[in-house]
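Visitor: Pasting the sequence and the predicted coordinates here, then a few questions.
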Amino acid sequence: MSHTVLLTDYAWPDDSIERAVVEAAGMRLVVGRAEPAPAADIAALVAAHQPAGIMTCWAEVSADAVAASTPLKIVARLGVGLDNIAVQAATARGVWVTNVPDYCVEEVSDHAVGFALAWTRGLVHFDREVRAGRWVPASANLRRLAALTCGIVGFGRIGRATARKLAAFGCRLLAHDPYLSGEVAGVACVDLATLLSQSDIVIVHAPLLPSTHHSINRERLALMPKGGLLINVSRGAVVDTDAVIEALQSGQLSAAALDVLESEPNVPTALLAQSGAMLTPHVGFSSDASLVELRRRAAEEVVRVLQGHAPMEPRNAPTPQA
């Protein structure tokens with residue numbers, strides 16, 4: 001009997017790449033709507049179609065969803081983070097959980113560096129000013145990136161790529177990661193308090209875990225030199241949005257560059273009101289090349305497992321089933 005694969009949702013125009021990979025392997029693809037449905041609806045979709053493989057972009061694959069399909073063997077994340085997948089429930093049921101951890105390293109690090117340059121050179125600010133009919137070059141209060149200290153919170157693949165790119169501008173680089181110490185390729189690894197207190201620009205690349213939820217909060221923002229820049233291109237809930245708004249209002253932060261929000265797609269009105277807020281709609285991962293790679297590799301991983309092979313990017317060690 002042919003396997004069924006469920007694509008819960010997708011953040012691109014169609015399902016052509018996923019469909020081509022799955023159907024070329026003689027399997028059937030069932031596709032949910034593009035926008036992620038509520039967790040209960042996803043569980044109902046799983047129960048109705050009994051997929052052996054699930055691919056999910058933003059939709060939550062809950063413990064109920066994992067339990068709803070008897071033949072389920074793999075849940076593949078079309079992305080990096082696993083916070084929308086019930087990994088523990090999948091592991092207990094003998095189901096693989098996979099992701100594509102390195103497809104957007106260049107894109108997300110580019111996005112972070114782009115935010116830093118937009119701030120130091122006033123690109124977003126002056127674009128708004130000129131469009132509003134104000135041509136006042138004497139108002140410029142710009143910065144030399146080479147004279148600044150940039151702190152990177154989370155020093156995995158993407159954090160290291162960001163450091164490599166920022167190093168070309170000559171700025172001082174600090175990093176905080178619980179798994180590192182000392183110095184790595186010209187980057188001083190320090191504790192989080194030291195990083196915050198010494199960094200003009202703080203870039204968040206940390207994953208969302210119980211230990212990192214709101215790890216950038218009021219107390220920690222208060223450690224930064226007054227008038228600095230916070231960049232978040234990781235997960236929205238790593239940063240306390242209310243604390244960022246307060247820091248912008250008080251001038252503790254002169255700017256916050258956020259590609260992700262804990263409330264996304266809803267943007268707090270108070271954040272929109274801040275002239276120092278630079279906001280993009282969770283697109284740091286995206287490019288023509290990265291999306292093709294992501295979609296192809298995620299689908300290939302599902303096919304690989306359903307053909308009886310071990311996944312190339314396992315994020316768990318499933319419990320053997322009797």
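Guide: It's in.
Visitor: From now on I want contacts and neighbour counts done on CA atoms only, so please keep to that.
Guide: Fine.
Visitor: Got the confidence number for Tyr179?
Guide: With respect to pLDDT, Tyr179 scores 85.
Visitor: With the one 4 residues further on instead?
Guide: We have a pLDDT of 74 for Glu183.
Visitor: Backbone torsions only: list them for it.
Guide: The phi/psi pair for Glu183 (degrees, to the nearest 10) reads phi -130, psi 140.
Visitor: Could you pull out the strands in this structure for me?
Guide: Per DSSP state E, the chain carries strands over the ranges 4-7, 28-31, 53-56, 74-77, 96-98, 149-153, 172-176, 182-184, 187-189, 201-204, 228-232, 253-258, 277-279.
Visitor: Can I get these in JSON lines including mean neighbour count and distance to Ala247?
Guide: Formatted as JSON lines, the strands of the chain follow (neighbours: other CA atoms under 10 Å; distance: least, CA to CA, whole Å):
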{"stretch": "strand 4-7", "mean neighbour count": "25", "distance to Ala247": "40"}
{"stretch": "strand 28-31", "mean neighbour count": "18", "distance to Ala247": "43"}
{"stretch": "strand 53-56", "mean neighbour count": "26", "distance to Ala247": "35"}
{"stretch": "strand 74-77", "mean neighbour count": "28", "distance to Ala247": "34"}
{"stretch": "strand 96-98", "mean neighbour count": "26", "distance to Ala247": "37"}
{"stretch": "strand 149-153", "mean neighbour count": "26", "distance to Ala247": "18"}
{"stretch": "strand 172-176", "mean neighbour count": "24", "distance to Ala247": "22"}
{"stretch": "strand 182-184", "mean neighbour count": "11", "distance to Ala247": "31"}
{"stretch": "strand 187-189", "mean neighbour count": "21", "distance to Ala247": "26"}
{"stretch": "strand 201-204", "mean neighbour count": "26", "distance to Ala247": "14"}
{"stretch": "strand 228-232", "mean neighbour count": "24", "distance to Ala247": "10"}
{"stretch": "strand 253-258", "mean neighbour count": "24", "distance to Ala247": "5"}
{"stretch": "strand 277-279", "mean neighbour count": "19", "distance to Ala247": "11"}
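Visitor: can you redo these as JSON lines with distance to Val124?
Guide: What follows is these, written out as JSON lines (distance: least, CA to CA, whole Å):
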{"stretch": "strand 4-7", "distance to Val124": "37"}
{"stretch": "strand 28-31", "distance to Val124": "38"}
{"stretch": "strand 53-56", "distance to Val124": "34"}
{"stretch": "strand 74-77", "distance to Val124": "33"}
{"stretch": "strand 96-98", "distance to Val124": "37"}
{"stretch": "strand 149-153", "distance to Val124": "20"}
{"stretch": "strand 172-176", "distance to Val124": "24"}
{"stretch": "strand 182-184", "distance to Val124": "33"}
{"stretch": "strand 187-189", "distance to Val124": "28"}
{"stretch": "strand 201-204", "distance to Val124": "16"}
{"stretch": "strand 228-232", "distance to Val124": "14"}
{"stretch": "strand 253-258", "distance to Val124": "11"}
{"stretch": "strand 277-279", "distance to Val124": "7"}
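Visitor: between those strands, which has the poorest average model confidence?
Guide: strand 182-184 (a mean of 76).
Visitor: State the paired neighbours of it in the sheet, together with their directions.
Guide: Using DSSP bridges, the strands paired with strand 182-184 are strand 187-189 (antiparallel).
Visitor: So which of the strands of the chain is nearest Leu294?
Guide: Counting by CA to CA, Leu294 lies closest to strand 74-77 out of the strands of the chain; the figure is 9.5 Å.
Visitor: Which secondary structure elements does that closest one sit against?
Guide: strand 53-56, strand 96-98, helix 288-306 (3 or more CA pairs under 8 Å, 6 or more residues apart in numbering; DSSP states H and E).
Visitor: Brilliant, that's me finished.
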